[in-house]
Structures are given as C-alpha cells and as structure tokens.
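Novice: need a structure here:
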Amino acid sequence: MLAMDTSIEKSKELKTLIKLINTKLNFEGTVEGNNPVSIDYIAPLGDNLGYTSLELLLLSLSSCLGSAVLTFLRKMNKTITACDIHAKGLRKLDHPTGFNKILMDIQIKSTDVTEADMQKVIKLSEDTYCPVWSMLKSNVEVEVVFSVK
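Specialist: You can find the predicted model right below:
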C-alpha cells in the first residue's frame with residue numbers, strides 16, 4: 001500500500017486500483033463510483049482484452065483538454081453542439097517506447113466559436129488548466145490542431 005502524505009487535502013487526492021484478472025497482463029482498473037475498465041497488452045504478453053496504458057494516457061489527455069476547452073468556451077457563452085477529439089501518439093523506437101509526440105485534433109461544431117476563441121482556450125488549457133498536458137509537456141511534444149464547423 002502506498003504511504004500517503006497527510007498534508008494533501010482530501011479534495012486533491014485521487015485513488016485508483018488495478019487488479020490482475022488473468023495469468024497474463026489483463027488488469028481491471030477501478031475508481032470508486034465508476035465502472036471498471038479493462039487494461040491489457042497485445043499478444044503474446046497480453047490477450048488484447050482492454051485498453052493499453054498508452055491508449056488510456058491518450059484518452060486522459062483528450063478528455064482533460066476537451067473539458068478545459070469546453071468549459072472556457074461555455075464561459076464565453078459560446079454554443080457547442082458537438083466536440084470530437086482525435087489523438088495520435090507517436091512512439092519512440094527505443095525503450096522505453098513511450099510517446100515522443102502527440103497529435104491532437106479538436107473538431108468543434110458551433111455557430112459562434114471563432115478561430116481566435118479556439119486559440120485562446122487551447123493556450124489557457126496548455127498553460128494553466130489541463131493537468132495531464134502539464135505533466136506531459138516537459139517530456140512529450142503535444143501538437144494541437146482544430147476545426148470549427
């Protein structure tokens with residue numbers, strides 16, 4: 001069990017649990033109050049029964065960026081009818097084979113969001129409000145493009 005720093009406020013503390021559920025690398029990941037997620041690895045080490053850790057990282061970055069962008073746009077009284085974020089991670093060839101670059105493509109459907117609005121909220125997200133991006137950006141180049149339709 002991890003020793004927790006008691007000086008950390010409860011509201012800042014996040015807890016997860018993964019449990020091995022087969023004889024390879026298939027884990028079930030849980031966070032209290034949410035549905036479990038299957039985490040696995042490709043064959044032959046795993047059975048490809050769930051998301052890989054790097055896929056989950058891309059999903060985390062996408063949802064963090066999307067949450068920040070949408071929150072700011074809504075505070076600007078913009079109307080958003082759809083938002084899709086496609087992410088692609090480019091991996092290093094040498095171990096550890098983590099990402100050296102992540103490409104993010106935000107697709108917003110709105111009648112009143114401008115290019116300037118998007119540039120502003122993406123910059124705010126990168127600089128201040130997306131903790132996942134903040135943790136990654138010293139090690140991974142993150143490139144964001146967008147379209148508004």
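
Novice: would you mind identifying the next helix or strand past whichever helix in the chain runs longest?
Specialist: Taking DSSP state H as the criterion, the chain has its longest helix at helix 53-75. Next helix or strand after helix 53-75 toward the C-terminus (DSSP states H and E): strand 82-91.

Novice: which elements pack onto the helix or strand following that next one?
Specialist: On the C-terminal side of strand 82-91, the closest following helix or strand by DSSP H and E is strand 99-109. Packing partners of strand 99-109 (3 or more Cβ pairs under 8 Å, 6 or more residues apart in numbering; DSSP states H and E): helix 53-75, strand 82-91, helix 115-124, strand 141-148. Where you see a C-beta, it was placed from the backbone N, CA and C, and this is true even at glycine.

Novice: tell me which residues of the longest one come out buried.
Specialist: If I follow you right, that is helix 53-75. Going by neighbour count (16 or more other Cβ atoms under 10 Å), the buried part of helix 53-75 is 57-58, 60-62, 64-66, 68-70, 72-73.

Novice: quick one: pLDDT of residue 33?
Specialist: Per-residue pLDDT puts residue 33 at 88.

Novice: let me fix that: residue 137
Specialist: Reported pLDDT for residue 137: 90.

Novice: one step back: mean confidence score for the longest helix of the chain?
Specialist: Mean predicted lDDT for helix 53-75 stands at 97.

Novice: so what touches stretch 126-144?
Specialist: 57, 60-61, 64-65, 67-68, 71-72, 98-106, 122, 125 (Cβ atoms under 8 Å, 6 or more residues apart in numbering).

Novice: residues touching the residue nearest to residue 82 when sequence neighbours are not counted, list them.
Specialist: The spatially closest residue to residue 82, leaving aside those adjacent along the chain, is residue 109, at 3.8 Å (Cβ to Cβ, 6 or more residues apart in numbering). Going by Cβ under 8 Å, 6+ apart, residue 109 touches 80-83, 148-149.

Novice: next: residue 76.
Specialist: 117, 121.

Novice: is it true that residue 104 touches residue 125?
Specialist: No: counting by Cβ atoms under 8 Å, residue 125 is not a contact partner of residue 104; they are 10.2 Å apart.

Novice: what touches both of those two?
Specialist: Common neighbours of residue 104 and residue 125 (criterion: Cβ under 8 Å, 6+ apart): residue 65.
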